[in-house]
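Asks: Below are the sequence and a predicted model; questions follow.
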Amino acid sequence: MPINSVHPQYKKWEGRWKRCRDAYEGEEAVKAATVEYLPKLSSHTSRSDPKYQAYLMRAMFFGATNRTVEGMTGLVQRKPAIIEVPAEMEPYLDDITGTGIDIQEFIKGALDEVLAVGRYGIQVDVDPPGTDEPRAYFIGRLAEDVSNWRVSGTELTLVVFREVEMVENPDDPYEAEEKIIYRELFLGSIADEQTGQPLEGKVLQSRIWRENPQKKDEYIPEAPIIAERRTGEVDVIPFTFVGTSSTASSVSKPPLLDLVNVNMSHYRNSADLEHGRHFTGLPTPVISGIDPEDGDKILIGSEQAITIKDPAARASYLEFSGQGLQSLETALVEKQENMAVLGARILEVSKKAAETAETTRLNKSGDTSTMISIAGAVESAVTIALQQMAVWLGHDPEQVSVEINRDLLDSTMDPQMVTALLKLFQEGITSKETLYKQLQQGELLPDDFDPDEEQRLIEQAKPDLEGEPMDLTPQARRLEIVRDQTGRATGAVETAGA
């Protein structure tokens, strides 16, 4: 079996991945596929026919898929992920890929990919031996670029990545050509250097396959490289799949596939509507009762007088009337509403009737449940990858934790809840730390709130509080109660109770 063979699940899903990918990328990608998404009319001879090209150009692709992905991912990322790693690894978070992408941006990319096509992959790699200041880093792998894999039980034993390599022209330094190569990671046995006998266990090895210049579609492997970490050889493949609900290797249906299908149907209706408008939008002059061979020119316009020798001749305009185009317009509106139901809630027209906050929460819970599941899968995959990086670098993987936001509704805590929390705190039922955490979850305190820093600022403001009595508003009095309970302002309770 050649290295460019693909996994059976890859073969099954690659067409749907491409459809979702093109819809996510937008009009340019969809139109570049020409007849794949917009079939020719009977009058079109080929995709290069000027009439088909004009038909294609007039069509409009409605960017519902991209808007849905960006909107849903934005709900998750309205609060940054909370990442904890060993202190030595913290600088890596600012550039997790070695190419300038930080961990938050990397997580956004993973969320986008899983929502758009239903699959992503995270590989952990390290610089080769001998590199100045070697480091570990993440590589994000698109669904279409993970062409093959093997799993034994729950252990990944082989994975193949399809990559693009830029090959420079030796005769022209400004010219380069893209070449497909395959990178294979596998667990294999190695031989003892002294005896030549195979050692127990398997270790991670990698090798590159490049196309045979003498034979197209035939690839030649380079010598495998044995991976090593600071604590010895590696016995796992540092790669993690990310699906819509787990990190399993099995392929799941893209979450927005149904929406994408409607999006493409909407695109075809748009093409027909614009085609019809193009040919029927302007009235067509009709003149009967004259012979075109007479050579008379009929000039049309308000500054021209039309003279016809034959008194029986008639002139009129032919204009479109009927319901044909209106049915296409109705179809477009119906399909936009279908896309809203299928997931693009951000595209839906606001309801006229007002909803309570609880009704809105219940209505949105079904739409966001898939996104919560995706957030959980990405969280698990990023955690595994950071743990693999920690092990590779000789750190404790138990010190790694990742928490991605699952609170997708922008709902600030109401005043009644704040009052109730303050009462529990005042009565000694909850601690100051619990109060702070609840206020953070209620979005009244920032996610990076530091109690020690806040205490320092309060101490700095203490002389002002000990000066002339202030006429406090009810909101300020509540704040002073909190400060009193934390031992910051002794006169606060008396002021609040006055």
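Replies: Good, I have the coordinates. Numbers count the residues shown, from 1 in each chain.
Asks: so what's the residue sitting nearest the centre point of the chain up against?
Replies: Geometric centre of the chain, nearest residue: residue 112, 1.0 Å, by Cα atoms, centre = their mean. By Cβ atoms under 8 Å, 6 or more residues apart in numbering, residue 112 lies in contact with 69-70, 73. (Each C-beta comes from the backbone N, C-alpha and C, glycine too.)
Asks: For residue 432, give me the pLDDT.
Replies: Predicted confidence (pLDDT) for residue 432: 72.
Asks: Check residue 367 too.
Replies: Value for residue 367, per-residue pLDDT: 44.
Asks: same thing with residue 158?
Replies: At residue 158, pLDDT is 95.
Asks: My guess is residue 98 contacts residue 135. True?
Replies: Yes - at 6.6 Å, residue 98 and residue 135 qualify as touching, with contact defined as Cβ atoms under 8 Å.
Asks: picking up where we left off before, from the contacts of residue 112, which land in helices?
Replies: 69-70, 73 (DSSP state H).
Asks: Going by the annotation, which residue ranges form each domain of the chain?
Replies: What automatic domain parsing lists as the domains of the chain is 285-319, 415-497.
Asks: and the longest strand for the protein?
Replies: strand 172-188 (DSSP state E).
Asks: Tell me the gap between the helix or strand following that one and the middle of its chain.
Replies: Moving toward the C-terminus from strand 172-188, the next helix or strand (DSSP states H and E) is strand 203-211. Centre-to-centre, strand 203-211 and its host chain are 30 Å apart (Cα atoms, centre = their mean, to the nearest Å).
Asks: Relative to residue 451, how far out is residue 226?
Replies: 49 Å (Cβ to Cβ, to the nearest Å).
Asks: Tell me where the model's unsure across the stretch 51-200 of the chain.
Replies: 129-130, 191-200 (pLDDT under 70).
Asks: for it, what spans make up the helices?
Replies: 64-76, 90-93, 103-117 (DSSP state H, counting those that start in this stretch).
Asks: sorry, back to before: and the domains of the chain, which one averages the lowest pLDDT?
Replies: domain 415-497 - the lowest mean pLDDT of the domains of the chain, at a mean of 64.
Asks: and residue 126, how many neighbours?
Replies: 20 (other Cβ atoms under 10 Å).
Asks: dump the residue contacts of residue 9.
Replies: 250-251.
Asks: repeat that for 10 Å
Replies: Counting by Cβ atoms under 10 Å, 6 or more residues apart in numbering, residue 9 makes contact with 119, 148-149, 249-252.
Asks: Same question for residue 165.
Replies: 176-181, 183, 208, 210-211.
Asks: Buried ones among the ones in helices among the contacts of residue 112?
Replies: For those, a burial check counting by 16 or more other Cβ atoms under 10 Å picks out 69-70, 73.
Asks: In TSV, list these along with distance to residue 406.
Replies: Converted to TSV, those look like this (distance: Cβ to Cβ, whole Å):
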residue	distance to residue 406
69	18
70	18
73	13
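Asks: which one of the residues you listed is nearest residue 439?
Replies: residue 73 (26.3 Å; Cβ to Cβ).
Asks: isn't that closest one right up against residue 115?
Replies: Yes - counting by Cβ atoms under 10 Å, residue 73 does reach residue 115; the two are 6.4 Å apart.
Asks: shared neighbours, these two?
Replies: In contact with both residue 73 and residue 115: 371, 374-375, using Cβ under 10 Å, 6+ apart.
Asks: Those into TSV, with extra columns for pLDDT?
Replies: TSV is the format used below for the shared contacts of residue 73 and residue 115 (pLDDT from 0 to 100):
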residue	pLDDT
371	87
374	93
375	93
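Asks: Now, those that are in helices?
Replies: Using DSSP H, the shared contacts of residue 73 and residue 115 in helices are 371, 374-375.
Asks: And the helices in the stretch 201-350 of the chain?
Replies: 257-280, 324-341.
Asks: Who are the packing partners of the shortest one?
Replies: Using 3 or more Cβ pairs under 10 Å, 6 or more residues apart in numbering; DSSP states H and E as the contact criterion, the elements in contact with helix 324-341 are helix 64-76, helix 257-280.
Asks: what's the average pLDDT for that helix?
Replies: 75.
Asks: in it, what counts as buried?
Replies: 325, 328, 331-332, 335-336, 338-340.
Asks: Closest one of these to residue 45?
Replies: residue 328 (24.5 Å).
Asks: show me the contacts for the nearest residue to that closest one once chain neighbours are set aside.
Replies: Nearest residue to residue 328, sequence neighbours excluded (Cβ to Cβ, 6 or more residues apart in numbering): residue 273, at 4.1 Å. Residue 273 is in contact with 58-60, 324-329, 331-332, counting by Cβ under 10 Å, 6+ apart.
Asks: mind putting those residues in JSON lines, distance to residue 234 included?
Replies: Below are the contacts of residue 273 laid out as JSON lines (distance: Cβ to Cβ, whole Å):
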{"residue": "58", "distance to residue 234": "56"}
{"residue": "59", "distance to residue 234": "51"}
{"residue": "60", "distance to residue 234": "51"}
{"residue": "324", "distance to residue 234": "66"}
{"residue": "325", "distance to residue 234": "64"}
{"residue": "326", "distance to residue 234": "65"}
{"residue": "327", "distance to residue 234": "62"}
{"residue": "328", "distance to residue 234": "59"}
{"residue": "329", "distance to residue 234": "60"}
{"residue": "331", "distance to residue 234": "56"}
{"residue": "332", "distance to residue 234": "55"}
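Asks: Can you tell me which of the residues you listed comes closest to residue 43?
Replies: The closest of these, once distances to residue 43 are taken by Cβ to Cβ, is residue 58, at 14.6 Å.
Asks: Excluding chain neighbours, what is closest to the closest one?
Replies: That would be residue 274: by Cβ to Cβ, 6+ apart, it lies 4.0 Å from residue 58.
Asks: quick one: average pLDDT of stretch 395-406?
Replies: Here the average pLDDT along stretch 395-406 is 94.
Asks: typo on my end, stretch 11-25
Replies: Across stretch 11-25, pLDDT averages out at 96.
Asks: Pull out the buried residues from that stretch.
Replies: Quick answer for stretch 11-25 (16+ other Cβ under 10 Å): 13-14, 16-24.
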